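Trainee: Below are the sequence and a predicted model for it; my questions follow.
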Amino acid sequence: MNDEIDEDMPIFAIAVAAELSGMHPQTLRQYDRIGLVVPARTQGGSRRYSPRDVEQLREVARLSAEGMSLPAIARIVELENQVRDLRRQVRELEHRVRTEIENRPGARVFAAGPSGGVITLRHGKRVRRATDIVLWRPRHPDAN
């Protein structure tokens, strides 16, 4: 069983989200209308807040208490969402690269041969002549 909580799972009704965030339900409705914190909706149209939404509501309350305007807070939330999405994309791409490297039939090293042509060296094979130059060698993502 996976004990990890899905931060994006819409599970809280508006009354619960309001209590968890320390806000009035009408404030949550207003934030939804202006696009500040937009919860998921059930088929019947009821709002359902995720743990991430509740955390955003708490952050909005904190920033608002510090005197920040709602448009400024909205921009911060938008940028934080973009950063989160970009990080997710990077993780996915890193996973794809690792999978691609792991599925290759052996790492290859390319070198310039004596005649100037590009030659492929198999993993573990050394360049025979001191005049050969290694041009590129893929690195395993875990090797640093």
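Mentor: Looks like it came in fine.

Trainee: what about the strands in this structure?
Mentor: Secondary structure of the chain (DSSP state E): strands located at 40-41, 47-48, 108-112, 118-122, 133-136.

Trainee: least reliable of those strands going by mean pLDDT?
Mentor: If the strands of the chain are sorted by mean pLDDT, strand 133-136 sits at the bottom with a mean of 55.

Trainee: report the longest helix in this protein, please.
Mentor: When secondary structure is assigned using DSSP state H, the longest helix within the chain turns out to be helix 70-103.

Trainee: quick one: the residue nearest to the spatial centre of the chain from Gln82, how far?
Mentor: Residue closest to the average C-alpha location in the chain (C-alpha atoms, centre = their mean): Arg88, at 1.9 Å. Counting by C-beta to C-beta, to the nearest Å, the gap between Arg88 and Gln82 amounts to 11 Å. Where you see a C-beta, it was placed from the backbone N, CA and C, and this is true even at glycine.

Trainee: What separation do you get for Thr99 and Leu86?
Mentor: Taken as C-beta to C-beta, the spacing of Thr99 relative to Leu86 amounts to 20 Å.

Trainee: now Glu4
Mentor: From Glu4 across to Leu86, the span is 21 Å (C-beta to C-beta).

Trainee: who has more neighbours, the two?
Mentor: Remark: of Glu4 and Leu86, Leu86 carries more neighbours, 10 against 6, as counted by other C-beta atoms under 10 Å.

Trainee: The more buried one: what's it in contact with?
Mentor: The contact partners of Leu86, taken as C-beta atoms under 8 Å, 6 or more residues apart in numbering, number zero.

Trainee: Could I get the average pLDDT for stretch 72-92?
Mentor: 94.

Trainee: Now stretch 15-26: buried residues?
Mentor: Of the residues in stretch 15-26, 17-18, 20-21, 23 count as buried by neighbour count, 16 or more other C-beta atoms under 10 Å.

Trainee: Which single one of those is nearest to Asp32?
Mentor: Within the buried residues of stretch 15-26, the smallest distance to Asp32 is 10.5 Å, found for Ala17 (C-beta to C-beta).

Trainee: so how far is Ile11 from that closest one?
Mentor: Ala17 sits 9 Å away from Ile11 when distances are taken as C-beta to C-beta.

Trainee: Likewise for Arg33?
Mentor: Plainly put, Arg33 is 22 Å away from Ile11 if you go by C-beta to C-beta.
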